[in-house]
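Enquirer: just coords:
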Ligand code: MN3
């Protein structure tokens, strides 16, 4: 069964003035759609057709050969963008709820320090990629990744993503990636979604089935 492009969880103009409707139109209707369409084309008639998206990502992540690398890139980008839309909200930004705020305090020393570290990862990523907040064995971490890479490949659970490919911000912010990341954190982050991802992540001591299945 072919994968489908999910609708945005809000109207294209809902994130204005922080992200324009034009940016969301290009990013969702063109870029995200292209990843989904290309993936469907690449897997048509192959054994990947019967797999779920995460299964395809994990099955192709370690390959350096075409078509696996192309399948990985398009599958991971299809997943990353569906995740990304949910990381933002028209009522986003501000402060996380008490439980998540405490986890951020305990790990990073406060929301301000988290902001600094996340921003450093986002601006330090050379070229295309993402800044992430991830959970691994119950521990939070900020990291960046290049191109289509996605944390599940490293056995980590994605909790928050910020797309720093130029297509994510260039129409609105041109070369000012740092400014875009500040706006993302101050006005767009859907902390309720982040808290939900963290609550569902495997905690310390519980075997992460996804990791063991994906490795060796
Ligand atoms: Mn993108």
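Expert: Happy to help now that I have it. As the structure is a computational prediction, the values presented were derived from the model and not from experiment.
Enquirer: Helices of this structure, start to end?
Expert: If you assign secondary structure with DSSP state H, the helices in the chain sit at 21-24, 33-43, 53-60, 68-86, 98-108, 111-124, 170-173, 177-183, 191-200, 209-214.
Enquirer: Within range of the ion, give me the residues from the chain.
Expert: When proximity is defined by C-beta under 5 Å from the ion, the chain lies next to the ion at 163, 165, 168. In short, each C-beta sits where N, CA and C put it, glycine included.
Enquirer: Per-residue pLDDT of the first one, please?
Expert: Spelled out, that is residue 163. Per-residue confidence for residue 163 comes out at a pLDDT of 98.
Enquirer: Nearest residue to it in space, please, no chain neighbours.
Expert: When the adjacent residues along the chain are set aside, residue 163 lies closest to residue 84, with 5.3 Å between them (C-beta to C-beta, 6 or more residues apart in numbering).
Enquirer: Do I have it right that that neighbour meets residue 164?
Expert: No - taking contacts as C-beta atoms under 8 Å, residue 84 lies outside contact range of residue 164: 10.8 Å.
Enquirer: neighbour count winner among the two?
Expert: Neighbour totals were compared for residue 84 and residue 164, and residue 164 leads with 23 against 20 (other C-beta atoms under 10 Å).
Enquirer: any idea how far the more buried one lies from residue 21?
Expert: Relative to residue 21, residue 164 is positioned 20 Å away (criterion: C-beta to C-beta, to the nearest Å).
Enquirer: Now, of the residues of the chain next to the ion, which are buried?
Expert: The neighbour-count test (16 or more other C-beta atoms under 10 Å) marks 163, 165, 168 as buried among the residues of the chain next to the ion.
Enquirer: Show me what the first one bridges to in the sheet.
Expert: To tie it back to what came earlier, the one meant is residue 163. According to DSSP bridges, the residues that bridge with residue 163 are residue 130.
Enquirer: Quick one: residues contacting it.
Expert: Residues in contact with residue 163, defined by C-beta atoms under 8 Å, 6 or more residues apart in numbering, are 27, 80-81, 84, 130.
Enquirer: cool, and residue 72?
Expert: The neighbours of residue 72, taking C-beta under 8 Å, 6+ apart as the test, are 56-57, 60-61, 63, 148.
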